[in-house]
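1. coords please:
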Amino acid sequence: MAQHNHLGEWGEELAKRYLQQQGYVIIDSDWKSGHRDIDIVAMDGDEVVLVEVKTRSNDHFSEPLDAVNYRKMMNLRRAFNHYIKYHRVNNAVRFDIIGIIGSPEEGTPRIEHFKDVPVI
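-> A predicted model of the protein is given here:
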């Protein structure tokens with residue numbers, strides 16, 4: 001497995017644990033719609049939260065949030081719409097981004113949780 005795939009999987013597992021510690025209930029992860037995916041689907045009370053996780057080993061070149069550009073947002077929007085229709089979601093829905101900087105080999109990673117990010 002490529003190093004970046006290993007880092008991404010580690011970041012998603014870390015993000016799930018973080019959300020659970022915050023009281024979220026994980027209802028799905030790595031949900032696929034064609035070549036698009038949603039990293040985590042969780043419940044925050046009665047609200048469905050669709051979560052994109054971006055993991056970087058360091059922030060020397062860019063922050064994890066920088067990787068969610070216009071094109072990525074358009075793909076996420078399509079995946080979100082498909083998920084909502086496929087699962088007949090009637091609850092309020094929001095989009096969050098979790099950025100993780102660190103690696104399994106290092107100490108405590110930095111976790112940044114951006115809530116209610118507008119989907120373009």
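
2. residue contacts, the residue lying closest to Lys115 once chain neighbours are set aside?
-> Counting by CB to CB, 6 or more residues apart in numbering, Asp96 is the residue found nearest to Lys115 once chain neighbours are left out, at 5.1 Å. (C-beta placed from N, C-alpha, C; glycine too.) Neighbouring residues of Asp96 by CB atoms under 8 Å, 6 or more residues apart in numbering: 49-52, 113-117.

3. how about 7 Å then?
-> 49, 51, 113-115, 117 (CB atoms under 7 Å, 6 or more residues apart in numbering).

4. ok, which pair from those is furthest apart?
-> Pairwise distances across those (CB to CB) peak at 11.6 Å, for the pair Val49 and Phe114.

5. who has more neighbours, these two?
-> Neighbours were counted for Val49 and for Phe114 using other CB atoms under 10 Å; Val49 has more, 23 against 15.

6. the host helix or strand of the residue nearest to Lys115: partners in the sheet, and parallel or antiparallel?
-> Per DSSP states H and E, Asp96 falls inside strand 93-101. Sheet pairing of strand 93-101 (DSSP bridges) gives strand 47-56 (parallel), strand 110-114 (antiparallel).

7. possible to save those as CSV with mean pLDDT and distance to Trp10?
-> Converted to CSV, these look like this (pLDDT from 0 to 100; distance: least, CB to CB, whole Å):
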stretch, mean pLDDT, distance to Trp10
strand 47-56, 94, 7
strand 110-114, 94, 12
